[in-house]
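Visitor: Below are the sequence and a predicted model for it; my questions follow.
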Amino acid sequence: MEYYTWMLSLHIIAVLSWMAMLFYLPRLFVYHIENIDKKEFVEVVKIQEYKIYYYIGHPAMLVTIISGISMLAINPSLFQFGWMYAKITAIILLIIYSLSLAKYRKQLADDCCTKDGKFFRMYNEMPTMLAILIVTYVITKSFSIIFTLLIILLFTFISYKILKPKKVKADV
């Protein structure tokens, strides 16, 4: 079990680094899209987007996956618990999300992204929702379908509010 605690430490450090990228990169996308007419600014943001993804986020994701698989190999009894399967499902969604950020980063680098700032503001909520679910499953060592659905509904509502067009007040 000594190896397990060392692997757990590495896993937590990698998760923190990966999550930093997952939280910040879509925010850079918002700045990128909303300042598209400022070429010098956009060129700097493109460099930041590249570096945060390829120097921090992607390596941290790989270390997270490898250390997580290692912990499961060291302690396979974790597969006895339903919460572990819920956690793994949420992690798979985070991996897909992370890879989608690479796709959007490439589109932005090539100046062919059709998404707007509102989309990336909404998209930025996804890792928060998944992190809440993962942390709750791990801390409580349980899986609650009601809690999971409530969190999904809450973030669906938040996403709706972000994407909803603002009403323009008519001049009286």
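Guide: Happy to help now that I have it.
Visitor: so where do the strands sit in the protein?
Guide: With DSSP state E, there are no strands along the chain.
Visitor: Pull the contacting residues for the nearest residue to Gly68 once chain neighbours are set aside.
Guide: Leaving aside its sequence neighbours, Gly68 sits nearest to His11 (C-beta to C-beta, 6 or more residues apart in numbering; 5.8 Å). Glycine gets a C-beta too; all of them are placed from N, C-alpha and C. The contact partners of His11, taken as C-beta atoms under 8 Å, 6 or more residues apart in numbering, are 63-64, 67-68, 71.
Visitor: all helices in this protein, in order from the N-terminus.
Guide: 2-34, 39-51, 58-74, 82-109, 117-123, 126-140, 145-163 (DSSP state H).
Visitor: Those helices into CSV, with extra columns for distance to Lys169?
Guide: Formatted as CSV, the helices of the chain follow (distance: least, C-beta to C-beta, whole Å):
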stretch, distance to Lys169
helix 2-34, 22
helix 39-51, 31
helix 58-74, 44
helix 82-109, 33
helix 117-123, 19
helix 126-140, 31
helix 145-163, 18
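Visitor: Would you mind giving the ones you listed as CSV with mean pLDDT added?
Guide: Listed next are the helices of the chain as CSV, based on pLDDT from 0 to 100:
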stretch, mean pLDDT
helix 2-34, 96
helix 39-51, 97
helix 58-74, 97
helix 82-109, 97
helix 117-123, 95
helix 126-140, 96
helix 145-163, 95
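Visitor: middle-most residue in the protein, spatially?
Guide: Pro127 (3.2 Å; C-alpha atoms, centre = their mean).
Visitor: how far away is that residue from Ala20?
Guide: 10 Å (C-beta to C-beta, to the nearest Å).
Visitor: and Leu72, how many residues sit next to it?
Guide: 15 (other C-beta atoms under 10 Å).
Visitor: Same check on Ile52?
Guide: Ile52, neighbours per other C-beta under 10 Å, totals 19.
Visitor: from what I can see it touches Tyr24, true?
Guide: Yes: under the criterion of C-beta atoms under 8 Å, Ile52 makes contact with Tyr24 at 6.2 Å.
Visitor: hang on, the earlier thing: how much space is there between the residue nearest to the centre of the chain and Asp116?
Guide: Pro127 is 20 Å from Asp116, by C-beta to C-beta.
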